[in-house]
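>>> I would like to see how this sequence folds:
(one chain, ligands or ions: 1)
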Amino acid sequence: MQNSRAGGGTITPGAVSEIDRILALSPVIPVLVVHDAAHARSIAEALVAGGLRVLEVTLRTEAALEIIREMSRVEGAVVGAGTVLNQGDLEASLAAGARFIVSPGLTEGLGRAAIASGVPFLPGIANSGDIMRGLDLGLDRFKFFPAVASGGIKALRALAAPFGRVRFCPTGGVDVASAPEWLALPFVACVGGSWLVPSPAADAHGPDVAEIRRRATQAAKLTRNS
Ligand code: 3PG
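Numbers count the residues shown, from 1 in each chain. Predicted coordinates:
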């Protein structure tokens, strides 16, 4: 649970439980870099049909906000924004209908703005100082990013040890082969990854929805230990 701590921001109770509800929806969050809004609906439909409802649309393409709007129309999809770097990105994402916010790192400015907005927020952390800054703000659900480059499972085990109630979503270098090992860790709520949607082929030739659905179905069956 996220909570309020001395010196931290005030988290609305709805946002508190909502981030856990979102992370619990599926074991894998597809991290999406989509260039063409015309492909948004079919990609989201294939992922949801495969059993992955939580979709992170990264703000790395011109069309990202439009893609958030389009994907949000797909029944069952819970669409959030990723690569949110500052308050401007946060506000644009919320205006586009993002239901949760993911950032690659945690700044106090973004953290306070996200908390004030009440939106479920999953900031990136890579070391103990990051986690402690998050705890000071009242946050205790984090994206471990970039997971493999930051030392992988060994590093996360060591990082998690002093922070009993903290839960993580490792992302960055996680793939279908390594996901089960990450998900077996009791402090891992879910994992994120871009492997669900082949790119850039998706944009050059239109999305291979059968393949996306196959990958989503496979990922949705993964079990976790948290
Ligand atoms: C992210 O933004 O979360 C990562 O770029 C996703 O990493 P991956 O491409 O290694 O899955």
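
>>> what about residue 163, how many neighbours?
Counted with other Cβ atoms under 10 Å, residues neighbouring residue 163 total 18. To be clear about C-beta, it is placed using only N, CA and C from the backbone, and glycine gets the same treatment.

>>> where's it, which helix or strand?
Under the criterion DSSP states H and E, no helix or strand holds residue 163.

>>> that one contacts residue 134, correct?
No. Applying Cβ atoms under 8 Å, one finds residue 163 not in contact with residue 134, separated by 9.5 Å.

>>> which neighbours do the two have in common?
For the pair residue 163 and residue 134, residues contacting each of them under the criterion Cβ atoms under 8 Å, 6 or more residues apart in numbering are residue 140.

>>> what does the chain put close to the ligand?
By the rule Cβ under 6 Å from any ligand atom, the part of the chain lying against the ligand is 31, 58, 82, 145, 171, 172, 173, 174, 192, 193, 194.

>>> if we use 8 Å, what do you get?
Counting by Cβ under 8 Å from any ligand atom, the residues of the chain lying close to the ligand are 31, 33, 56, 58, 60, 82-83, 102, 104, 143, 145-146, 148, 171-175, 192-195.

>>> buried ones only from these, please, as a ChimeraX command.
Command for ChimeraX that selects the buried part of these, burial taken from 16 or more other Cβ atoms under 10 Å:
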select :31,33,56,58,82,83,102,104,143,145,146,148,171,172,174,192,193,194,195
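
>>> please enumerate the strands of this structure.
Taking DSSP state E, the strands of the chain run over residues 28-32, 54-58, 78-82, 101-103, 121-125, 141-144, 167-170, 191-193.

>>> in JSON lines: these, plus mean pLDDT.
Converted to JSON lines, the strands of the chain look like this (pLDDT from 0 to 100):
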{"stretch": "strand 28-32", "mean pLDDT": "98"}
{"stretch": "strand 54-58", "mean pLDDT": "98"}
{"stretch": "strand 78-82", "mean pLDDT": "98"}
{"stretch": "strand 101-103", "mean pLDDT": "98"}
{"stretch": "strand 121-125", "mean pLDDT": "98"}
{"stretch": "strand 141-144", "mean pLDDT": "98"}
{"stretch": "strand 167-170", "mean pLDDT": "98"}
{"stretch": "strand 191-193", "mean pLDDT": "98"}
